[in-house]
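1. kindly generate the corresponding structure for this input.
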Amino acid sequence: MGVGMIHKCGKEMESAIFEYIGNDYSKCLYLYLNLIKYGADSDVIRVYVQEENSEIKAVLLLYFSCLHVYTKDCSELDASGIISLAVENHCSMIYCKADIAEKIYGKMAESLKNRVIITQGWVAQIKDVDKKCEMMPIPAQNDDFEQIVNLIYEDEDIGKSYKLADLAQQLRERNQQKYARNYVIKHDGEVIAHACTNAELSKIAVVAELLVKPEYRRRGYASAIWRYLCSELLSEGKEVYSFYYSEESRNLHKKIGFFEVCEWKKIVIV
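-> Numbering: from 1, shown residues only. Okay, the predicted model is just below:
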């Protein structure tokens, strides 16, 4: 059976997309939350579906320079079409479950593969925090965002996934729109630790960008700010999820109370 065509869609497809995703939203959190937040007719995102015989086979969402991909069945995925879409839109990242990423990468031309870095990760959820936070992080103020952006961008793992201008714009917009909350720990006015929600709606939140300045690491700041943020979200009745990409981060998450939902991969195009 041949794969269906990928085409841009608008609000008329939203209900069908949500029905296709169903309760599987933990496998495409940013796609799902961005679609709810902005809507398919928004100028902020672009939404695409791969259809065959009027049935959805995959959903794609373009947000800034990141392409989010979801399918129930990898065997039905038009990987070549997804690659073309990513290249045409100058994407710096393709974000999806591990099996989807492997299929997309397998269809890439060698010239593109030479520009790609694939990072293995996991999606995890937390329902109970192991213990109360012993420090008191504070909400980030407008003056803190330049430091936060630099802290994220200088991180060896997280920073390479973003374009600096996009990152600064995304952080400010999300915070102003109450789509995200940012917390910091400061020392003498300097931001030494940061954590935030990267997407947040009434019932679901994704915590992200957990960072500590190198000279302040291994002093408990990361676990403290993470416990505080997760506890606050859970107390509001939200489902709380996180993405992570290293064994060190994996161990920290498990210690605090996270359990893994699925394997994840990000394809970064440099």
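2. so which bits of the longest helix seen in the chain are buried?
-> As assigned by DSSP state H, the longest helix anywhere in the chain is helix 221-235. For helix 221-235, a neighbour-count test (16 or more other CB atoms under 10 Å) marks 221-234 as buried. All C-beta atoms are positioned from the backbone trio N, CA, C, and that covers glycine.
3. that one: what's the following helix or strand?
-> Sequence-wise, the next helix or strand downstream of helix 221-235 (DSSP states H and E) is strand 239-244.
4. how far off centre is that following strand?
-> Relative to its parent chain, strand 239-244 has a centroid offset of 9 Å by CA atoms, centre = their mean, to the nearest Å.
5. tell me what that strand is packed against?
-> With contacts taken as 3 or more CB pairs under 8 Å, 6 or more residues apart in numbering; DSSP states H and E, strand 239-244 sits against strand 116-126, strand 204-212, helix 221-235, helix 247-256, strand 258-269.
6. grab the nearest non-local neighbour of Trp122.
-> Excluding the flanking residues, the one nearest Trp122 by CB to CB, 6 or more residues apart in numbering is Glu260, at 4.8 Å.
7. which ones are touching the one you found?
-> By CB atoms under 8 Å, 6 or more residues apart in numbering, the residues touching Glu260 are Trp122, Val123, Ala124.
8. of these, which is the nearest to Tyr20?
-> For the contacts of Glu260, the residue nearest Tyr20 by CB to CB is Val123; the value is 18.8 Å.
9. for the closest one, which non-adjacent residue is spatially closest?
-> Val261 (4.6 Å).
10. my guess is that neighbour contacts Tyr241, does it?
-> Yes. Contact status for Val261 versus Tyr241: in contact at 7.2 Å, counting by CB atoms under 8 Å.
11. and for the two, which residues touch both?
-> Common neighbours of Val261 and Tyr241 (CB under 8 Å, 6+ apart) are Ser26, Val123, Ala124, Gln125.
12. which residues touch the residue nearest to the last one when sequence neighbours are not counted?
-> What sits nearest to Gln125 in space, not counting adjacent residues and going by CB to CB, 6+ apart, is Tyr241, at 5.1 Å. Under the criterion of CB under 8 Å, 6+ apart, the contact list for Tyr241 reads Ser26, Leu29, Val123, Ala124, Gln125, Ile126, Ile204, Ala205, Val206, Val207, Val261.
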